[in-house]
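A.B. asks: please find the sequence and the predicted model below.
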Amino acid sequence: MEGVRSFLLLRKFLTSDNVLKNIIVNQNASKERIADRVSIYRNLSSQKRLSTAVLNKISSKTTRSFSDGKTIMLSSSSKTQSVADKPKYTNGLINEKSPYLLQHAHNPVQWYPWGPEAIEKAKVQKKLIFLSVGYSTCHWCHVMEKESFENENVAKIMNDHYINIKVDREERPDIDLVYLSFVMASTGNESWPMSVFLTPDLQPVSGGTYFPPEDRWGHLGFKTALLTLAKKWKENPQQCLEVGQHVIIALQQLSVDDNLSTVVLGEGIWDKCVQKYMLLYETEFGGFGMAPKFPHASILNFHFHYYARDKSNPDGKKCLEMCLYTLTKIAKGAVHDHVCSGFARYSDGNDWHVHHFEKMLYDQAQLVVAYTDAFLATKDEFYADIVYDIIKYVNRDLRHESGGYFSAEDSDSFPTFETTYKKEGAFCLWEYNELKELLNDKKINDISYLEIFCEYFSINEEGNISPITDLRGELVHKNALIIYDSKEEIIQKFNLSTEEFNQVIKDCIKIVYDARKNRPRPDLDTKILCSWNGLMLSALAQAGQGLGENSFVDDAIKTAYFIKKYLYDVTTTTLLHSCYRDDNGDILKMKNPIKAFLDDYAFLIKGLLDLYEASFDRRWLNWARELQLKQNDMFWDSKDGGYFTCSAEDKTIVLRLKEGRRAYGPPDGEWLPSPMDFSNARGRAKPLPTAKYIDEITMVPNRRVIVFRATTCFGSRPTPTRVMKKMAVRRKEIWLKRYLWLLQNVSTTRPLPYPK
């Protein structure tokens, strides 16, 4: 309750000043606001130009390859860049490695990367800082760039009155989290682009998310916000400074209150969580909450485990039903790319149909685990097929040849190689006549492939996207492939055998896939993040073990080697947060690399433990133990307990937070693994980072293993019985004595069957 109280006090304080109130109130995330953004501004995505920074960094005929070796162009023109094409503007982002920052390197805005140069300029010139945070595949980031950051009039206001800083949220999640906490507390909204006004001391005074360039329909325009804050700063800078100081104090109090508002996990908390989620469950199309709808793989993981704890529990059975229904609806929805595989980030509607088309690595990784869990719970090959589908996509389109995985594919792309403006979904959507040209000539039993394909994927001549979600008409005649009817209904309608139907759909997908190769692909964010690669490593290891697919385990091993080679400093035994691919395909590191954050350690350690369980290669266990020690040293709060999300080294971070949740990806705490440092004083002094307690141990001498039965919480697989250590029988007593302090309360009286 104290955390909520601080939240309300912060909002009351921030809206007490009329000027700040106008900015904050107009940024509130009401349903009407979201509807306006979706319906009114969607067309602006079609005007997004190819970034000049990208043109500078790559040749005019840059290509990306499909798995069969056929290549496609990324640029909109086959012309060689001439002197006349030289960018009119170049700013301080030009030497950055982040694809998102490079997209803005030729804006007329005088952007700076986050760092001492920009901060010092703000102090010397006594200017407010405008901080813009986004990511390269974000559709609304593209819209705000086109409307405002490429607008010379807006840029002049920004340059005259502000020091302007651009941040890639994925490159600097520590910066993103601090100011996202402010925006969330002050507006109730969390999304990107995030727009925050800071004092020269980096304290926030006002902010929001997306701003239209002009005042529209009662919503504050970006130019108005810029001029209003600039005037306020000029007339009364002391008041702005005081606002910033009070904001930081309020956020600190909010963080402390949230940390104190903790409970001890026990049987009751499981049931309370389940009851809460049952109220949020959407019965018609699955998922939790209403649109915009995200897969929320973390929530699915929790429900799978609740079911696995007691399969006879009626609530547990209901949890399984909710998970399976949700995953089935997502797999059949348009958020699932039925042609090129993989999943989009979220759906604008409840039915998983109209969606934003960016594909994020962290979504693919978490969904691999969710569908693996669904397969383990049911042995239904439908879910296993989706696991193979996702891994096929990430290995084909997101993987570097050395084993690391890129971050994401963009939502926007060029409709043709001749166009100079990008459009959202251009790579994925189809008009009926396009499909007719591809499929109408092929037949089975005198029925055209086109008719069967369109029936199965709900494709119409007029398009299958409702005008309600496309008020401006940008998606007229477009179809997003989505499955509403069951396969059995289609088979019966066309009087086909199951084998015939499956072959028709397979042939059609191949034809459409080949045709899609001739379209310009969305841009690829070639940033390689330790945290997200840790998620993918974990997913591959779990899928390999769960499906008995050794190739997935091999992929996980290759990823682990990649991380150790490119994202690990052997001399300091610390992780790095990111590396990058250059135009030649080589891996680059920043001159001053970004040191890893808590999620880099947490996700990688979890992945290494999963890889150990899948391979029994002790090197991964040893490395995980080493990283756990380093994580404790860098992030543990020795005073109040828990882990900070970033270390204390960067003095520009005005607030160290302990993150209980995040706006994207799984929470750090959900993936904090059990500690590897069982044997020394540090391991005893610190509580288990995750609620994982061993209940039983069983010796299986003839199998030369020790089997644990563990009560595991949020970060684990829904399999209570697990093989944890493979060893010679003669070593078991030595091993147990080493870990005896942890096993004092373990029951060894009841037999435990070896897991099959």
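C.D. replies: Okay, I see it.
A.B. asks: so where's this protein shaky on pLDDT?
C.D. replies: 1-85, 255-267, 471-472, 660-756 (pLDDT under 70).
A.B. asks: could you chop it up by domain?
C.D. replies: 2-57+86-260, 428-518, 527-690 (automatic domain parsing).
A.B. asks: please, where are all the strands along the stretch 251-400 of the chain?
C.D. replies: Counting by DSSP state E, counting those that start in this stretch, the stretch 251-400 of the chain has strands at residues 346-347, 355-356, 359-360.
A.B. asks: turn the ones you listed into CSV, columns for mean neighbour count and distance to W430.
C.D. replies: In short, each C-beta sits where N, CA and C put it, glycine included. CSV is the format used below for the strands of the stretch 251-400 of the chain (neighbours: other CB atoms under 10 Å; distance: least, CB to CB, whole Å):
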stretch, mean neighbour count, distance to W430
strand 346-347, 22, 18
strand 355-356, 24, 15
strand 359-360, 26, 18
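A.B. asks: now render these as CSV, adding distance to E462.
C.D. replies: Below are the strands of the stretch 251-400 of the chain laid out as CSV (distance: least, CB to CB, whole Å):
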stretch, distance to E462
strand 346-347, 21
strand 355-356, 20
strand 359-360, 28
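A.B. asks: out of the domains of the chain, which comes closest to D412?
C.D. replies: domain 2-57+86-260 (5.4 Å; CB to CB).
A.B. asks: now do that closest one: distance to the chain's middle.
C.D. replies: 21 Å (CA atoms, centre = their mean, to the nearest Å).
A.B. asks: separation between E424 and E358?
C.D. replies: 9 Å (CB to CB, to the nearest Å).
A.B. asks: shared neighbours, the two?
C.D. replies: H139, S411 (CB atoms under 8 Å, 6 or more residues apart in numbering).
A.B. asks: wait, Q366 sits on F294?
C.D. replies: No: judged on CB atoms under 8 Å, Q366 makes no contact with F294 at a distance of 10.5 Å.
A.B. asks: off-centre distance for stretch 494-507?
C.D. replies: 36 Å.
A.B. asks: quick one: residues in contact with that stretch.
C.D. replies: 442, 444-445, 447, 449, 451-453, 455-456, 487, 490-491.
A.B. asks: re the thing from before, ok, E424 and E358, which is more surrounded?
C.D. replies: Neighbour count, other CB atoms under 10 Å: between E424 and E358, E424 has more, with 27 against 22.
A.B. asks: quick check: the more buried one vs W217, distance?
C.D. replies: Taking CB to CB, one finds E424 at 22 Å from W217.
A.B. asks: again with S206
C.D. replies: 21 Å.
A.B. asks: that older thread, for the contacts of stretch 494-507, give me CSV that also has neighbour count, distance to W140 and secondary structure.
C.D. replies: CSV is the format used below for the contacts of stretch 494-507 (neighbours: other CB atoms under 10 Å; distance: CB to CB, whole Å; DSSP: H, G, I helix; E, B strand; the rest coil):
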residue, neighbour count, distance to W140, secondary structure
K442, 15, 40, coil
I444, 15, 44, strand
N445, 9, 47, coil
I447, 16, 43, strand
Y449, 20, 38, helix
E451, 14, 38, helix
I452, 24, 37, helix
F453, 23, 33, helix
E455, 15, 35, helix
Y456, 25, 33, helix
K487, 15, 36, helix
I490, 18, 37, helix
I491, 17, 41, helix
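A.B. asks: tell me the one of those residues nearest D310?
C.D. replies: Looking across these and measuring by CB to CB, the closest to D310 is K487, at 33.3 Å.
A.B. asks: next up, the contacts around the closest one.
C.D. replies: Y456, T498, F501.
A.B. asks: let's go with 10 Å and repeat that
C.D. replies: K332, F382, Y456, T498, F501, N502, I505 (CB atoms under 10 Å, 6 or more residues apart in numbering).
A.B. asks: who wins on neighbours among these?
C.D. replies: Neighbour-wise, the contacts of K487 (other CB under 10 Å) top out at Y456, 25 neighbours.
A.B. asks: confirm for me that that one is in contact with D485.
C.D. replies: Yes: counting by CB atoms under 10 Å, Y456 does reach D485; the two are 7.3 Å apart.
A.B. asks: overlap in contacts, these two.
C.D. replies: In contact with both Y456 and D485: K493, using CB under 10 Å, 6+ apart.
A.B. asks: the longest helix along the chain packs against which elements?
C.D. replies: Longest helix of the chain, by residue count under DSSP state H: helix 237-260. With contacts taken as 3 or more CB pairs under 10 Å, 6 or more residues apart in numbering; DSSP states H and E, helix 237-260 sits against helix 2-14, helix 18-25, strand 128-134, helix 173-187, strand 194-198, strand 204-208, helix 222-235.
A.B. asks: report the buried residues of the last one.
C.D. replies: Within helix 222-235, the residues that qualify as buried by neighbour count (16 or more other CB atoms under 10 Å) are F222, K223, T224, A225, L226, T228, L229, A230, K232, W233.
A.B. asks: helices or strands up against that helix?
C.D. replies: By 3+ CB pairs under 10 Å, 6+ apart, helix 222-235 packs against helix 18-25, strand 128-134, helix 152-161, strand 162-168, strand 194-198, strand 204-208, helix 237-260.
A.B. asks: shouldn't R519 be in contact with G425?
C.D. replies: No: if you go by CB under 10 Å, R519 and G425 don't touch, sitting 11.3 Å apart.
A.B. asks: quick one, helices of the stretch 551-700 of the chain?
C.D. replies: 598-615, 618-635, 668-671, 681-685 (DSSP state H, counting those that start in this stretch).
A.B. asks: relative to helix 598-615, how tilted is the second one?
C.D. replies: Meaning helix 618-635. For helix 618-635 against helix 598-615, the angle by axes from the mean of the first three to the mean of the last three CA atoms, to 10 degrees is 160 degrees.
A.B. asks: quick revisit: possible to save the contacts of K487 as JSON lines with distance to S98?
C.D. replies: As requested, these are exported to JSON lines (distance: CB to CB, whole Å):
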{"residue": "K332", "distance to S98": "35"}
{"residue": "F382", "distance to S98": "39"}
{"residue": "Y456", "distance to S98": "41"}
{"residue": "T498", "distance to S98": "48"}
{"residue": "F501", "distance to S98": "46"}
{"residue": "N502", "distance to S98": "43"}
{"residue": "I505", "distance to S98": "40"}
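A.B. asks: what is the nearest of those to S195?
C.D. replies: K332 (36.8 Å).
A.B. asks: how near is the closest residue in space to D637 that isn't next to it in sequence to F603?
C.D. replies: Leaving aside its chain neighbours, D637 sits nearest to F644 (6.0 Å; criterion: CB to CB, 6 or more residues apart in numbering). For F644, the distance to F603 equals 16 Å [CB to CB].
A.B. asks: so L588 is in contact with D582, correct?
C.D. replies: Yes: look at L588 against D582 with CB under 10 Å: they come within range, at 5.1 Å.
A.B. asks: which neighbours do those two have in common?
C.D. replies: Common neighbours of L588 and D582 (CB under 10 Å, 6+ apart) are K97, T526.
A.B. asks: for F343, see how far away A331 is.
C.D. replies: On the measure of CB to CB, A331 and F343 end up 9 Å apart.
A.B. asks: so between the two, which is more surrounded?
C.D. replies: Higher neighbour count among A331 and F343: F343, with 25 against 21, using other CB under 10 Å.
A.B. asks: residues in contact with the more buried one?
C.D. replies: F343 touches 295, 297, 330-331, 333, 335-337, 352, 355, 359-360, 363-364, 366-367, 386, 389-390, 393, counting by CB under 10 Å, 6+ apart.
A.B. asks: kindly recompute the last result at 6 Å.
C.D. replies: V335, H336, D363, L367 (CB atoms under 6 Å, 6 or more residues apart in numbering).
A.B. asks: and those residues, which is closest to D599?
C.D. replies: For the contacts of F343, the nearest to D599 is D363 (15.2 Å; CB to CB).
A.B. asks: picking that back up, I'd say the residue nearest to D637 and R656 touch.
C.D. replies: Yes: checked against CB atoms under 6 Å, the pair F644 and R656 is within contact range at 4.6 Å.
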